[in-house]
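In: One predicted model, sequence on top.
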Amino acid sequence: MDVYLPIANLAINGLWIVALGMATGILSGIFGVGGGFLTTPLLIFSGIPPTVAAASAATQVTGASVSGVFAQSRRNGVDFQMGAVTVAGGLVGAMLGAAIFNLLEALGQIDVVINLLYVILLGVIGGMMGKESIQALNRKPQEKRRAAKRRHHPLVASLPMRWRFYRSGLYISPLAPLIMGIVVGILTMLMGVGGGFIMVPAMLYILGMSANVVVGTSLFTILFVTIMTTMIHALTTKAVDIVLAGLLLIGSVIGAQLGTRIASAVKPEWLRLVLAVIVLVIALNMLIGLFWVPDEVYTVVPL
């Protein structure tokens, strides 16, 4: 069932796009990530231009996040105070990212930069996630209890003007989550990612947040940052393909609910290990694509 995408200016199988959105939604429900870090490269592999893929994936992540936030809030898994601070940083980051995006597009380097960023970030995140998953699977029960007792990074403790974040069990400076939000906003604008694949580890290992609110708070932040990113893309780059985003949304809203159920039934270490393998495979594929020179730069065929 081919569907024409007006902004991407090509026809693509609609069922494949819905299935891709569903996979993204499942990841959102399980890990608290927006899933755009997988959606965008898979869309690029499908032949969609990187700029359209990044802008439309950010729109789709919004839908997956809405569903995920409702599911997590019913479990009291969202720290709204912490989320408000990271959202404020994310909005600033989205505006900075828009300026960088427009500059790179004017220089004609945006497609290369998007692909290169994905190779670097997916490689680093996949490697770290895989290493931690293997270590967690090999830990003894008493070691797991000690590993669960995390505190915030010493650099966070040195920042001034501390606030109490009761739901997260923290007494830290709001500057730390604010800076984290700015970084996530820039990445969301440039790459179409929700930023959860960076935010979740940062909340756990840098901020030292309680694990039971990390996923929900991450999704809450992603929701508002991707809304802002979509608006900026629609008004400036005009790269949002509403048909593509709509098909992705249909799958992601369903997938987020399934992901929330899967997360409570499967051992999290195995889930993270599987995700790490998927991420590394995609990073390797994109790396090969950056340097692979086809035999024919273009081909003319009858329609």
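Out: Great, that's in hand. Numbering: from 1, shown residues only.

In: what comes up buried for the helix or strand containing L223?
Out: Element membership of L223, judged by DSSP states H and E, is helix 211-232. For helix 211-232, a neighbour-count test (16 or more other Cβ atoms under 10 Å) marks 213-230, 232 as buried. Placement of C-beta: from N, CA and C, glycine included.

In: What is the subsequent helix or strand relative to the least confident helix or strand in the chain by mean pLDDT?
Out: Here the helix or strand of the chain ranked lowest by mean pLDDT, DSSP states H and E is helix 141-148, holding a mean of 55. Toward the C-terminal end, the helix or strand that comes next after helix 141-148 (DSSP H and E) is helix 154-157.

In: any residues touching that next one, and which ones?
Out: With contact meaning Cβ atoms under 8 Å, 6 or more residues apart in numbering, helix 154-157 is reached by I172, S173, A176, I206, L207, G208.

In: For the fourth one, the count of nearby residues, please.
Out: Applying other Cβ atoms under 10 Å, we find 17 other residues in the vicinity of I206.

In: before we move on, what about the last one?
Out: Counted with other Cβ under 10 Å, residues neighbouring G208 total 19.

In: roughly how far apart are it and A84?
Out: According to Cβ to Cβ, to the nearest Å, G208 stands 19 Å off from A84.

In: how near is the nearest residue to A202 once chain neighbours are set aside to I198?
Out: Among residues not flanking A202 along the chain, M180 sits closest, at 5.4 Å (Cβ to Cβ, 6 or more residues apart in numbering). Separation of M180 from I198 (Cβ to Cβ) stands at 8 Å.

In: Kindly report the same for T237.
Out: Taking Cβ to Cβ, one finds T237 at 22 Å from I198.

In: One more: F101?
Out: For F101, the distance to I198 - Cβ to Cβ - is 18 Å.

In: And these two? Which one has more around it.
Out: F101 (27 against 20).

In: To which secondary structure element type does the more buried one belong?
Out: Secondary structure state of F101, per DSSP: H, G, I helix; E, B strand; the rest coil, is helix.

In: hang on, it packs against L187?
Out: No - contact criterion Cβ atoms under 8 Å: F101 and L187 do not qualify, at 11.2 Å.

In: got the phi/psi numbers for M209?
Out: Main-chain torsions, M209, degrees, to the nearest 10: phi -70, psi 160.

In: oh, I was asking about G208
Out: Dihedral angles (degrees, to the nearest 10) for G208: phi 80, psi 30.

In: which SSE is L178 in?
Out: Per DSSP H and E: helix 175-191 holds L178.

In: Tell me the first helix or strand C-terminal of that helix.
Out: Next helix or strand after helix 175-191 toward the C-terminus (DSSP H and E): helix 196-205.

In: Could you list the low-pLDDT ranges of the chain?
Out: Low-confidence segments of the chain, defined by pLDDT under 70, are located at 28-37, 60, 63-64, 67, 140-153, 192-197, 260, 263-269, 292-303.

In: What are the boundaries of the strands in it?
Out: 2-5, 10-13, 163-165, 170-172 (DSSP state E).

In: Out of the ones you listed, the one nearest L284 is which?
Out: Among the strands of the chain, the nearest to L284 by Cβ to Cβ is strand 10-13 (23.8 Å).
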